[in-house]
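In: generate a structure from the sequence data that follows.
(chains A and B)
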2 protein chains.
Amino acid sequence: MPGSKPVPDIVIGRLPIYLRALGHLLEEGQQITASQDLARRLRISSAQIRKDLSHFGEFGRQGLGYDIAHLRDQIRRILKVDRIWDVALVGAGDLGHAIAGYGGFEGRGFHVACVFDSDPQKIGSRLGMFEVYDSAQLVERLQELGIQVAIVAVPASAAQAVVDDLVRAGVRAILNYAPITVTVPPDVRVQYIDPVVHLQRMTYYL
Amino acid sequence: MPGSKPVPDIVIGRLPIYLRALGHLLEEGQQITASQDLARRLRISSAQIRKDLSHFGEFGRQGLGYDIAHLRDQIRRILKVDRIWDVALVGAGDLGHAIAGYGGFEGRGFHVACVFDSDPQKIGSRLGMFEVYDSAQLVERLQELGIQVAIVAVPASAAQAVVDDLVRAGVRAILNYAPITVTVPPDVRVQYIDPVVHLQRMTYYL
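Out: Next comes the predicted model:
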């Protein structure tokens, strides 16, 4: 039954993938899907998908498949992205610009709320619709705003110091673009954007 | 036994994660690791790690753990990143600049070899050590160079057309940063860089 024991992190990790696929199906005008359809799209076994979802209750009916919009809403709720999380972006370089202008956040639970950099030439400048704040004020500002989610887009050499500040400010979910492993307390989560991991997964098949 | 039946794609997808963790262990000066150590770092069960690796033969000895450098070399060989793949980068905007300057490719099997854009203002300009080529010449140039791996860093609206050109040029592994699902023939692989998938995986725990 849902809630009786912790769901493995690896299962949680697949839910956003399911959510994205369900979003695409809805865009394509579908209303009902079978775990087999999802499985084919995602190259995950349908048994795995059913088992993953069973951690959270019963979503499909035998022989009828899943109501896509309903399943999407349930997964959103489980992942707590049925609300909008304000996100702090640290790093106003090329990558920071690209992230601030990223079109994929909308409608998926996140909103870049503020941007920081330590470069005096960037502080006070505009980055899209944002004024770039001084990283020296990061802890204070994030505490004021109650921000819990951050994206790190600084050079590898600066990433650990930025992450330490974020943790001090109360951030508990960090998406790190810097090509370096950072250290955080056990109650803080870090995910890495690492293009090489994705490339290596494909070269196997070449 | 290795080679007797296809290894599930989900297993292949974990090998780069193991490879990255092994690299970090070596940087930290470790020579031997147990599947339990890896499991703790990666929040994957040690049984899963052993099972994944068993698809490819015997790498560890009971009670002795894994020789890290040996296991890394074997996984590199399996993933075919014991060589350097030339990569075409399409898109010379903020994101393209960030990717061209990314410090994480080195020593991990990939090398950005050329950059393309369709913007007349960008064509012929320098992007780091590269001259930006005209996307109109993409098919011809990639065929000449025999490039099989590409990174797409163009706006969502342009991504499918770029991918079509890449496929025509013989590219079979595409890393797509654009927030859109692209369509490719069955023999071409696409991976997505999607920050939201990573963020959603963390909000579950908030």
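
In: what segments of chain A are helices?
Out: Counting by DSSP state H, chain A forms helices over residues A:9-27, A:35-42, A:46-54, A:68-78, A:94-100, A:138-145, A:156-168, A:195-203, given from the N-terminal end onward.

In: is it possible to get a markdown table of these that adds mean neighbour count, distance to chain B and mean pLDDT?
Out: From N, CA and C alone the C-beta is placed, and that goes for glycine too. Written out in a markdown table, the entries for these read as follows (neighbours: other Cβ atoms under 10 Å in any protein chain shown; distance: least, Cβ to the nearest Cβ, whole Å; pLDDT from 0 to 100):
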| stretch | mean neighbour count | distance to chain B | mean pLDDT |
| --- | --- | --- | --- |
| helix A:9-27 | 19 | 4 | 91 |
| helix A:35-42 | 17 | 9 | 84 |
| helix A:46-54 | 17 | 8 | 91 |
| helix A:68-78 | 17 | 7 | 95 |
| helix A:94-100 | 23 | 4 | 94 |
| helix A:138-145 | 16 | 14 | 97 |
| helix A:156-168 | 18 | 6 | 96 |
| helix A:195-203 | 23 | 4 | 96 |
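
In: got CSV for the ones you listed, with distance to residue A:174 too?
Out: Rendered in CSV, the data for the helices of chain A read as follows (distance: least, Cβ to Cβ, whole Å):
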stretch, distance to residue A:174
helix A:9-27, 16
helix A:35-42, 26
helix A:46-54, 25
helix A:68-78, 21
helix A:94-100, 14
helix A:138-145, 12
helix A:156-168, 6
helix A:195-203, 17
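
In: CA-only coordinates of stretch A:15-24 in CSV, if you can.
Out: Below are the C-alpha coordinates for stretch A:15-24, written out as CSV (Å, rounded to 0.1, in the frame of the first residue of the first chain):
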residue,chain,number,x,y,z
LEU,A,15,8.6,9.3,-12.6
PRO,A,16,9.7,12.5,-14.3
ILE,A,17,10.5,10.4,-17.4
TYR,A,18,6.9,9.0,-17.3
LEU,A,19,5.6,12.5,-16.7
ARG,A,20,7.4,13.9,-19.8
ALA,A,21,6.1,11.0,-21.9
LEU,A,22,2.5,11.5,-20.7
GLY,A,23,2.8,15.2,-21.6
HIS,A,24,3.9,14.3,-25.1
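
In: now it, how far from the chain's geometric center?
Out: 12 Å (Cα atoms, centre = their mean, to the nearest Å).

In: cool, stretch A:71-81 as well?
Out: Its chain's average C-alpha position is 13 Å from that of stretch A:71-81, according to Cα atoms, centre = their mean.

In: repeat for stretch A:192-206
Out: So, by Cα atoms, centre = their mean, the centroid of stretch A:192-206 is 19 Å from its chain's centroid.

In: please apply the same query to stretch A:41-61.
Out: Mean C-alpha position of stretch A:41-61 versus that of the full chain (Cα atoms, centre = their mean) differs by 21 Å.

In: repeat that for stretch A:78-98.
Out: Between the centre of stretch A:78-98 and the centre of its chain there are 8 Å (Cα atoms, centre = their mean).

In: now swap in stretch A:144-163 and tell me
Out: With Cα atoms, centre = their mean as the basis, stretch A:144-163 stands 15 Å off its chain's centre.

In: next one: stretch A:189-198
Out: With Cα atoms, centre = their mean as the basis, the mean position of stretch A:189-198 lies at 11 Å from the chain mean.

In: next one: stretch A:12-30
Out: The chain centroid and the centroid of stretch A:12-30 are separated by 14 Å under Cα atoms, centre = their mean.

In: state the distance from the closest residue to residue A:65 other than its chain neighbours to chain B.
Out: Spatially, and ignoring its direct neighbours in sequence, residue A:65 is nearest to residue A:34 (4.2 Å; Cβ to Cβ, 6 or more residues apart in numbering or on different chains). Relative to chain B, residue A:34 is positioned 19 Å away (criterion: Cβ to the nearest Cβ, to the nearest Å).

In: only the buried residues of the top strand by length along chain A, if you could.
Out: The residue-count maximum for a strand in chain A (DSSP state E) belongs to strand A:110-117. Judged by neighbour count (16 or more other Cβ atoms under 10 Å in any protein chain shown), strand A:110-117 contains these buried residues: A:110, A:112-117.

In: ok and it relative to helix B:195-203, angle-wise?
Out: Angle between the axes of strand A:110-117 and helix B:195-203 is 100 degrees (criterion: axes from the mean of the first three to the mean of the last three Cα atoms, to 10 degrees).

In: contact partners of strand A:110-117?
Out: By Cβ atoms under 8 Å, 6 or more residues apart in numbering or on different chains, the surrounding residues in contact with strand A:110-117 are A:81, A:84-93, A:96, A:99-100, A:105, A:123, A:127, A:130-135, A:137-138, A:141-142, A:145, A:147, A:149, A:151, B:196, B:199.

In: looking at these, which are in strands?
Out: Among these, the members falling in strands are A:85-90, A:127, A:130-134, A:149, A:151 (criterion: DSSP E).

In: can you lay out these as JSON lines showing neighbour count?
Out: Converted to JSON lines, the ones in strands among the contacts of strand A:110-117 look like this (neighbours: other Cβ atoms under 10 Å in any protein chain shown):
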{"residue": "A:85", "neighbour count": "20"}
{"residue": "A:86", "neighbour count": "16"}
{"residue": "A:87", "neighbour count": "24"}
{"residue": "A:88", "neighbour count": "24"}
{"residue": "A:89", "neighbour count": "25"}
{"residue": "A:90", "neighbour count": "30"}
{"residue": "A:127", "neighbour count": "19"}
{"residue": "A:130", "neighbour count": "17"}
{"residue": "A:131", "neighbour count": "11"}
{"residue": "A:132", "neighbour count": "22"}
{"residue": "A:133", "neighbour count": "21"}
{"residue": "A:134", "neighbour count": "15"}
{"residue": "A:149", "neighbour count": "24"}
{"residue": "A:151", "neighbour count": "28"}
